[in-house]
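> below: sequence and its predicted model.
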Amino acid sequence: MAPIVRPILQEASWPIVLLRGLRKRCPRCAERRIWNGWFALATRCPRCLLRFEAESGGFLGAMTLNYAVAISAWAVMLGVVLAATVPDVPVAPLLAASVAILVALPLWFYPRSKTLWAAVEFLVLRSDPDYRTPAYRDPRTRELE
């Protein structure tokens, strides 16, 4: 007799998984309590036990995402200011705005970049043919897999 297996949670579509990452939630189960502070992401989700950092140095992609968002926002601001003030560019306000964007935005986006990257890694993990959704197993059947 095959063991009775019930899924713990429904698998979400890829846009929902990425949206969960942007909202600083677990990409698999949408758990909110995955942060131990602004800069400290838990090792695993307390609800579904998804490991967020697949390997040491696994958040290099998150750092790249954070850098890309900050530089993109800065480039847009720079382009708008230069297009609006080309003959007489206000250097001091432009410098102040540049510093504000390049310091404040990466600090604000840091947790989102980590959970967004964890969502990307989860989507890659989920595409593996050997991936299994977490499931409740009937405790009366103790068969080995």
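Arrived safely.
> who touches residue 106 in this structure?
66, 67, 69, 70 (Cβ atoms under 8 Å, 6 or more residues apart in numbering). Quick note: C-beta positions are derived from backbone N, CA and C, even for glycine.
> can you show me the strands along this protein?
Under the criterion DSSP state E, the chain contains strands at 5-7, 135-137.
> scan the contacts of residue 106 and report the most crowded one.
Among the contacts of residue 106, the one with the most neighbours (other Cβ atoms under 10 Å) is residue 66, at 23 neighbours.
> and the pLDDT at the nearest residue in space to that residue that is not next to it in sequence?
Closest residue to residue 66 apart from its sequence neighbours, by Cβ to Cβ, 6 or more residues apart in numbering: residue 113 at 4.0 Å. With respect to pLDDT, residue 113 has a value of 96.
> same thing with residue 57?
pLDDT, residue 57: 77.
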